[in-house]
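**Student:** heads up, no residue letters with this:
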């Protein structure tokens, strides 16, 4: 049980580090990125609202499939 909690903490920590890096990189490449035809501008705090909806749907689907496969591989019955 403790090992599972440790694995979950490592996963959450890595995700938090990626989010931090994404925030900083978003500030540095503002307006010069090949993504979204460089239409996402302004402070990184406002970038979230400027990204088109199809991107978020695709990202959500990707995360869903990755997490579903991860759970199916690593699932252990708690009983």
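**Tutor:** Arrived safely. Quick caveat, the model's predicted, so the values are computed rather than measured. Residues are numbered from 1 along each chain as shown.
**Student:** hey, let's count contacts and neighbours off CA atoms from now on
**Tutor:** Fine.
**Student:** after the helix or strand of the chain with the lowest mean pLDDT comes which helix or strand?
**Tutor:** Lowest by mean pLDDT, DSSP states H and E among the helices and strands of the chain is helix 47-50, with a mean of 82. Following helix 47-50 in sequence order, the next helix or strand is helix 53-74 (DSSP states H and E).
**Student:** now that following helix: mean pLDDT?
**Tutor:** What helix 53-74 shows for mean pLDDT is 89.
**Student:** Go ahead and measure how far it is from the middle of the chain.
**Tutor:** In terms of CA atoms, centre = their mean, to the nearest Å, the centre of helix 53-74 is set 10 Å apart from its chain centre.
**Student:** swap in stretch 17-25?
**Tutor:** Using CA atoms, centre = their mean, the offset of stretch 17-25 from its chain centre is 10 Å.
**Student:** and what of stretch 13-29?
**Tutor:** Counting by CA atoms, centre = their mean, stretch 13-29 comes out at 9 Å from the chain centroid.
**Student:** Tell me which residues of that stretch come out buried.
**Tutor:** Going by neighbour count (16 or more other CA atoms under 10 Å), the buried part of stretch 13-29 is residue 26.
**Student:** got the contact list for it?
**Tutor:** 43-44, 47 (CA atoms under 8 Å, 6 or more residues apart in numbering).
**Student:** and those residues, which are buried?
**Tutor:** Buried, going by 16+ other CA under 10 Å: 44, 47, out of the contacts of stretch 13-29.
**Student:** Mind putting the contacts of stretch 13-29 into CSV with distance to residue 24?
**Tutor:** Formatted as CSV, the contacts of stretch 13-29 follow (distance: CA to CA, whole Å):
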residue, distance to residue 24
43, 10
44, 8
47, 12
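**Student:** And for residue 41, the neighbour number?
**Tutor:** Residue 41 sits with 16 neighbouring residues when counted by other CA atoms under 10 Å.
**Student:** what's the single longest helix in the protein?
**Tutor:** In the chain, assigned by DSSP state H, the helix with the most residues is helix 2-28.
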